[in-house]
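Asker: this one's sequence-less:
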């Protein structure tokens, strides 16, 4: 039989048996849509991680005390200076963090504040949108000045942020002169936004705000991505040498690169888990297809006998059932992909990152055809293998 | 196309009787069914010749072996022993695909239950054997339409089997059997599922087809059918008799 006529015959069979076609297609639709969505959610998760860490410089190393609060042997500004002796380290500066009430006129806000060295501003892309940055002179002379983040300035002035420059604010009861407002930087990647914080020179913060409770973190910048591991080793030996009590063990050394890698890893393992679920769905829907194909073949055994009696060859019967299975799976696959495309915005609405992608479409379609052929083949082969007499006698 | 070169190996000269070609030449056919340890001899040394233009009935009660004989003659089943030449071709040495081709080109089947494909129209049903030959749709449609019109179904081309009466379905089945100009029409209880009026119609059609030169073999248990053929053989307990 010519292919065109065979396709016509198959088309007639498919369209004349709507319930069966629908049931078979349903399995494929569910399977394909699942695959498509799994890929979409997996890629969405990875994109989310990448986005979250995009502002993080991967050469950054953070040295922090293993315990919060008052410690016996804290890091000091001197540690940062000692780290700079390493050839692998380009930058090292201490950083203090605290939380307190910040007052301006009648407004007050509970916010975090940071005591930073001038380099901190450049390495975090913080520049003064109004006024000026904290400079070396502020640091050395212990000037009681402060910078405020864009969001915090808004909060304190009820939206009229420019007026705050040149005025006094109080942080935890201590008075500081506001010298400027930073540009908006968004999420810093460490889970905290600089836009909501106040900043004072490191020496000032150490002296007036935290005093003996000062327990700084040191931000280190490796000379390049390749020297991160060497820089970590240098930091460890420096800490071992200068903190006799517990050496480097009292501190945590984290590098941004491995945090990013860990986050990506966990996003990927999430994808794998979803994929495993999808594979189960596929097998189940594949068995569904096989079931319907078996029923079809049983229903049509007598027809197969008739076809053989009027001259259909085994190969032609096999082709007919296989092509039928492929068409049903392809149509189901396409519908499944469409269902997936419709579902993606719904997932987004529920704040589940999902990205429709070409690879999702391809994987979904490949699945549907492979399942269709795989699970369609056995019943088709059984059907084609029957002797014409057996098939004709089948009731 | 027909595998002439392959078939040539199976071909042998037909016995000619009164200048007529021998369509069926079967000798000493035996069919044994193994039922557990029990052997059931359904056909016992049956020899039968059918010549071009014959109009023959094989009459026998149920269980006589007539269905088995029809299946073997129709190349749907293979005998345990014996020889069978159809239009000079050795059926028993043919491969599966060659048998499919023999069924397609040499034999036109008419089944008791018509065996039309329920999802296809009358026209599509009749076209099917031609399409399996690889004929173009246009040509096949033309031939099928011609045969259906000849059998009075020109108005029913687009109807599906369940929209047709039993008699009409039988005529579609006959059209399907003759559309490819086979050497042999093989009808299995063609009146078994028809009322007496439709049965008469069917037998009239068979007579006319025979007058036009078709070779017809009818397997039946119906004596009235047997009365209307030119040549009658009896089958009982797996043996064939020329007269009752």
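Answerer: Here it is on my side, so go on. Computed from a predicted structure; not experimentally measured. Numbers count the residues shown, from 1 in each chain, chains lettered A, B, ... in the order given.
Asker: Point me to the helix or strand that includes residue B:61.
Answerer: Here residue B:61 sits in a region with no helix or strand, counting by DSSP states H and E.
Asker: Tell me, what's the model's pLDDT at the closest residue to it other than its chain neighbours?
Answerer: The spatial neighbour of residue B:61 that comes closest, neighbours along the chain excluded (C-beta to C-beta, 6 or more residues apart in numbering or on different chains), is residue B:221 at 5.7 Å. Using the backbone N, CA and C atoms, a C-beta is placed for each residue, glycine as well. Predicted confidence (pLDDT) at residue B:221: the value is 90.
Asker: From what I see, residue B:221 and residue B:191 are in contact.
Answerer: No - using C-beta atoms under 8 Å, residue B:221 makes no contact with residue B:191, being 10.2 Å away.
Asker: In contact with residue 153: list those residues for me.
Answerer: Let's take chain A. A:161, A:164, A:181 (C-beta atoms under 8 Å, 6 or more residues apart in numbering or on different chains).
Asker: wrong one, chain B
Answerer: Per C-beta under 8 Å, 6+ apart, neighbours of residue B:153: B:122, B:168, B:171-172, B:175.
Asker: Next one, pLDDT for residue 44 please.
Answerer: Picking chain A for this. 85.
Asker: oops, chain B please
Answerer: The model's pLDDT for residue B:44 equals 91.
Asker: quick one: it from residue B:68, how far?
Answerer: 11 Å (C-beta to C-beta, to the nearest Å).
Asker: So between the two, which is more surrounded?
Answerer: A direct count of neighbours by other C-beta atoms under 10 Å in any protein chain shown for residue B:44 and residue B:68 places residue B:68 higher, at 21 against 15.
Asker: Is it correct that that one falls within a helix?
Answerer: Yes - judged by DSSP: H, G, I helix; E, B strand; the rest coil, residue B:68 forms part of a helix.
Asker: so what strands line up beside whatever helix or strand residue B:41 lives in?
Answerer: Using DSSP H and E, residue B:41 falls within strand B:38-51. Its sheet considered, strand B:38-51 pairs with strand B:22-35 (antiparallel) by DSSP bridges.
Asker: which residues sit against the strand it pairs with?
Answerer: B:14-16, B:39-52, B:54, B:65, B:68-69, B:72-73, B:77, B:79-88, B:183-184, B:215, B:217, B:238.
Asker: hmm, which of those are the buried ones?
Answerer: B:14, B:42-43, B:46, B:48-52, B:54, B:65, B:68-69, B:72-73, B:77, B:79, B:82, B:84-88, B:183-184, B:215, B:217, B:238 (16 or more other C-beta atoms under 10 Å in any protein chain shown).
Asker: I figured residue A:330 hits residue A:371, correct?
Answerer: No - contact criterion C-beta under 8 Å: residue A:330 and residue A:371 do not qualify, at 11.0 Å.
Asker: what about the two, which has more around it?
Answerer: For residue A:330 versus residue A:371, the count of surrounding residues by other C-beta under 10 Å is larger for residue A:371: 26 against 17.
Asker: The more buried one looks like it's in a helix, true?
Answerer: Yes - with three-state DSSP as the criterion, residue A:371 is part of a helix.
Asker: Provide a complete list of residue ranges assigned to helices in chain A.
Answerer: A:3-15, A:18-53, A:77-83, A:118-123, A:136-141, A:150-157, A:202-204, A:228-242, A:256-299, A:301-309, A:314-349, A:358-385, A:388-393 (DSSP state H).
Asker: actually chain B, sorry about that
Answerer: B:4-10, B:66-73, B:96-106, B:122-132, B:137-150, B:166-178, B:196-211, B:223-227.
Asker: ok, and which of these has the densest surroundings?
Answerer: Most buried of those, by mean neighbour count (mean count of other C-beta atoms under 10 Å in any protein chain shown): helix B:122-132, with a mean of 26.
Asker: quick one: is it near chain A?
Answerer: Yes - Helix B:122-132 reaches chain A (C-beta under 8 Å from any C-beta of the partner chain) through B:124, B:128-129, B:131-132.
Asker: give the contact list for the residue in the stretch 151-300 of chain A that chain B sits nearest to.
Answerer: Nearest residue of the stretch 151-300 of chain A to chain B: residue A:300, at 9.1 Å (C-beta to the nearest C-beta). If you count contacts by C-beta under 8 Å, 6+ apart, residue A:300 has them with residue A:383.
Asker: and the gap between the nearest residue to residue B:62 once chain neighbours are set aside and chain A?
Answerer: Closest residue in space to residue B:62, ignoring its immediate chain neighbours: residue B:221 at 6.3 Å, by C-beta to C-beta, 6+ apart. Distance of residue B:221 to chain A, given as C-beta to the nearest C-beta, to the nearest Å: 18 Å.
Asker: And for residue B:221, the neighbour number?
Answerer: 16.
Asker: phi, psi of it?
Answerer: Phi and psi for residue B:221, reported as degrees, to the nearest 10, are phi -110, psi 0.
Asker: which residues sit in contact with the residue in chain B positioned nearest to chain A?
Answerer: Nearest to chain A in chain B, going by C-beta to the nearest C-beta, is residue B:104, at a distance of 2.3 Å. For residue B:104, the contacting residues are A:310-311, B:129, B:132-133, B:180, by C-beta under 8 Å, 6+ apart.
Asker: Give me the nearest residue to residue A:94, chain neighbours excluded.
Answerer: residue A:216 (4.1 Å).
Asker: and the residue nearest in space to the middle of chain B, what does it touch?
Answerer: The residue lying closest to the centre of chain B (C-alpha atoms, centre = their mean) is residue B:186, at 1.6 Å. Counting by C-beta under 8 Å, 6+ apart, residue B:186 touches B:70, B:73-74, B:107-110, B:217, B:219.
Asker: do that again at 10 Å, thanks
Answerer: A:309, B:24, B:50, B:70-71, B:73-76, B:103, B:106-111, B:177, B:215-219 (C-beta atoms under 10 Å, 6 or more residues apart in numbering or on different chains).
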